[in-house]
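Novice: okay, here's the prediction I keep looking at, along with the sequence it came from:
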Number of protein chains: 2
Amino acid sequence: MKIALLGFGVVGSGAYQIITSQPDCGISIKRALVRSLRPAPAEGLFTTDFQEILQDPEIELVAEAMGGLEPAYSYVLAALQAGKHVVTANKLLVCHKFAELTQAAKTAGVQFRYTASAGGGIPWLFNLLRAKRLDEIQAISGAINGTTNFILGNMHKNNLPFSAALQEAQRMGYAEADPSADIDGLDLCRKCALSATLAFSAIVREEDIPTAGIRHITEADIRWAEERNMTCKQVMGSRRQGDSISVYVEPAFLHADMLEANLPIRSSIAILEGKYVGRLGFFGAGAGTLPTGMNMMQDVMDILHQVGRLHCFTEPARVDNSLLQHTYYIRGEADIPEAQERGDGWLLTKPLPVAQMHAMAREAEKAGHPLFFASIAQE
Amino acid sequence: MKIALLGFGVVGSGAYQIITSQPDCGISIKRALVRSLRPAPAEGLFTTDFQEILQDPEIELVAEAMGGLEPAYSYVLAALQAGKHVVTANKLLVCHKFAELTQAAKTAGVQFRYTASAGGGIPWLFNLLRAKRLDEIQAISGAINGTTNFILGNMHKNNLPFSAALQEAQRMGYAEADPSADIDGLDLCRKCALSATLAFSAIVREEDIPTAGIRHITEADIRWAEERNMTCKQVMGSRRQGDSISVYVEPAFLHADMLEANLPIRSSIAILEGKYVGRLGFFGAGAGTLPTGMNMMQDVMDILHQVGRLHCFTEPARVDNSLLQHTYYIRGEADIPEAQERGDGWLLTKPLPVAQMHAMAREAEKAGHPLFFASIAQE
């Protein structure tokens, strides 16, 4: 099968390297869309004109790794409408346009896959959908934001303050120059929206998910967790609750005897809980050229070999976080009349509705005295 | 697709429960072979005559969950030769007859799958083969023997002596009345042989794998590990070494900051290392009615949906353990001239060839003064 790449950056070049190293895999990369022409690894590979790809009848599949909403959305939609399969590593695109793109694929009778858009090299979304064929997903959870895994891991391991750990992550290419999407939880929120949408067969939007990040974490918070044998991770979680689901993204202090607490610094983890299969977990490199390129090309192999079907959901999910309660650690001025325990600048709440905690933190942020908070998790 | 179960015990009844709870999954269980007739959950389900299954043209697939080599081998071979697909949860069968059964499937143009035979409910073998489509597996490892995971976990958590932890495992149904296949490492050896065969596309036999178990472990060994922040697991490992592979099954003391060290007591874990994707790990329930039944029925779904291809290897693997060295903890009378450290009844070796350590332990066993040994593993 001849395919085209849209974008030849971190993910696209990784995909190219993998496919060219496997000459018998049945896939060849005919064209790659780049912003400006430069010497290509093969003659005629690069083009700056999407129409050359769209109108090439030999190209059966387009693999999008440009990132961003536009022009990615227009290109992907056009490719689907032209009868080409699409795989993408673009979580922003999949998260915002899931219904539109899966509908377009359905109408055109082609496939649309996006495993690499949540979890880097981990075959998380693939296995989630595979499990669902015979099981009822009760819950999903995970720490699949590579940037915060790296920052928090470094704060724990090397006793770095947040600012130094962030700079180190930026220096190593794990964090963007503007790190807000990662450290405020938005990146994980999008991955959570997509994971929950697939798990529960209904559209979960970013705005359905109470989201808090690690921007205000201090060394004192890390020390507090360590003194109690806990590790801080930025986590997502979603659970079936009768007819509704609960869903959140927030920092969590995980007890050391939880598997997730001992994740290597550069790894991500995601877990599903099936009615029959129980807890199934997946971990590996959550980002990076080759792992993410690999996950995208495994999607291409699945389409080539007709593995799996198109998953198309358009109904919104019923989200209800009112029943879900967590015990929270809070640093900052929080108006909590009844605390379990109070210390120097921190307190530990009694179990508190997730929605209430997140709303309180947003208010505090607006009022100019931001909080750091983390849920307490034990096996 | 109409299918038949061979065996209606732990795994078979789990598979039945899952399929009957999913009336739209496209699979229905027409017959189930049992040793003696008893009231069945559906009329006409049970039969004691394999020929009724073999000669029923409506039955396209046979799911074998009887265990043991015979009559399972004869039945499975006959089913393949009659043009029926086969899935099995029987590791003894797959491990001993891999070449014969995959060849028979190839000749008959049908599928033969065995994901549930190593790892219970974990989609380990499925994902290993999926990864291999575009990657070169460098190594595999894992702790996928549920019995020793349970026994060792209980020794650590509840300070039980080995004999009491074993009895508890037997009482809970995690260990057989004759526990030797589990506690001497043979069960894990078979899972390792099968995993390594698939990873490296060449037949790895049980007798290629130096295998040691936990029969002689004492509370003192567990305490030794705990004092050094380590956890004991029964592990398998295999690694590409140039044109050869190394492979072993042995107890290991894993440092607490390794993910594997913090596995819940009832879980199993398996990890692959790909040239491109890096380390990918899978964990979940390593045994049990519903998880194992689920993995077997997911194989059936894959065949129904034509996912994946038949993997057929007949060449023996080149196994060479001479280059692989581990640092070992040894309790007992070991003839080690140069030790790193010696204590009361134990010593810590310098790095030692795996083959040498296992040979020394076998000699000591023969001479009537058995050793316990464990490799030391750190991230």
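Specialist: Looks like it arrived, so ask away.
Novice: what are the ranges of the strands in the stretch 151-300 of chain A?
Specialist: Per DSSP state E, counting those that start in this stretch, the stretch 151-300 of chain A carries strands over the ranges A:230-241, A:244-255, A:267-274, A:278-285.
Novice: what does the stretch 1-150 of chain A put close to chain B?
Specialist: A:14, A:17-19, A:21-22, A:25, A:121-123, A:127, A:130-131, A:133-135 (C-beta under 8 Å from any C-beta of the partner chain). For the C-beta atoms, the positions are set from N, CA and C on the backbone; glycine is no exception.
Novice: in PyMOL, select just the buried ones from the residues you listed.
Specialist: Buried subset of the residues of the stretch 1-150 of chain A next to chain B, written as a PyMOL selection, criterion 16 or more other C-beta atoms under 10 Å in any protein chain shown:
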select buried, chain A and resi 14+17+18+19+22+25+121+122+123+127+130+131+133+134+135
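Novice: okay, and for the stretch 101-250 of chain A, where does confidence drop off?
Specialist: Within the stretch 101-250 of chain A, no range satisfies pLDDT under 70.
Novice: all helices of it, in order?
Specialist: Secondary structure of the stretch 101-250 of chain A, counting by DSSP state H, counting those that start in this stretch: helices at A:124-132, A:146-158, A:162-171, A:180-183, A:186-200, A:219-227.
Novice: return the most buried member of these.
Specialist: Highest mean neighbour count among the helices of the stretch 101-250 of chain A (mean count of other C-beta atoms under 10 Å in any protein chain shown): helix A:186-200, with a mean of 26.
Novice: that helix near chain B at all?
Specialist: No - Helix A:186-200 lies apart from chain B when judged by C-beta under 8 Å from any C-beta; the minimum separation is 15.9 Å.
Novice: just give me the neighbour total for residue A:309.
Specialist: By other C-beta atoms under 10 Å in any protein chain shown, the residues close to residue A:309 number 10.
Novice: do residue A:41 as well
Specialist: 13.
Novice: for residue A:346, same thing?
Specialist: Quick note: residue A:346 (other C-beta under 10 Å) scores 18 neighbours.
Novice: surely it is in contact with residue A:224?
Specialist: Yes - between residue A:346 and residue A:224 there is a contact under C-beta atoms under 8 Å: 6.3 Å.
Novice: what sits in contact with each of those two?
Specialist: Both residue A:346 and residue A:224 are contacted by residue A:329, under the criterion C-beta atoms under 8 Å, 6 or more residues apart in numbering or on different chains.
Novice: need the contact list for residue A:179.
Specialist: A:147, A:166, A:169, A:170.
Novice: mind listing what the first one touches?
Specialist: Listed by C-beta under 8 Å, 6+ apart, the contact set of residue A:147 reads A:169, A:174, A:175, A:179, A:182, A:183, A:187.
Novice: which among the residues you listed gets closest to residue A:287?
Specialist: In terms of C-beta to C-beta, no member of the contacts of residue A:147 lies closer to residue A:287 than residue A:174, at 7.2 Å.
Novice: from residue A:119, how far out is the residue nearest to that closest one when sequence neighbours are not counted?
Specialist: Nearest residue to residue A:174 in three dimensions, chain neighbours excluded: residue A:150, at 4.6 Å (C-beta to C-beta, 6 or more residues apart in numbering or on different chains). Distance from residue A:150 to residue A:119, counting by C-beta to C-beta, to the nearest Å: 15 Å.
Novice: ok, residue A:77 next?
Specialist: According to C-beta to C-beta, residue A:77 stands 24 Å off from residue A:119.
Novice: between those two, who's got more neighbours?
Specialist: Counted by other C-beta under 10 Å, residue A:77 and residue A:119 do not tie: residue A:119 has more neighbours, with 33 against 17.
Novice: follow-up on the earlier one: got TSV for the strands of the stretch 151-300 of chain A, with distance to residue B:291 too?
Specialist: Shown next, in TSV, are those (distance: least, C-beta to C-beta, whole Å):
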stretch	distance to residue B:291
strand A:230-241	19
strand A:244-255	24
strand A:267-274	9
strand A:278-285	6
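Novice: right, and those strands - which one's nearest residue B:59?
Specialist: Evaluated over the strands of the stretch 151-300 of chain A, closeness to residue B:59 peaks at strand A:267-274, with 27.5 Å, by C-beta to C-beta.
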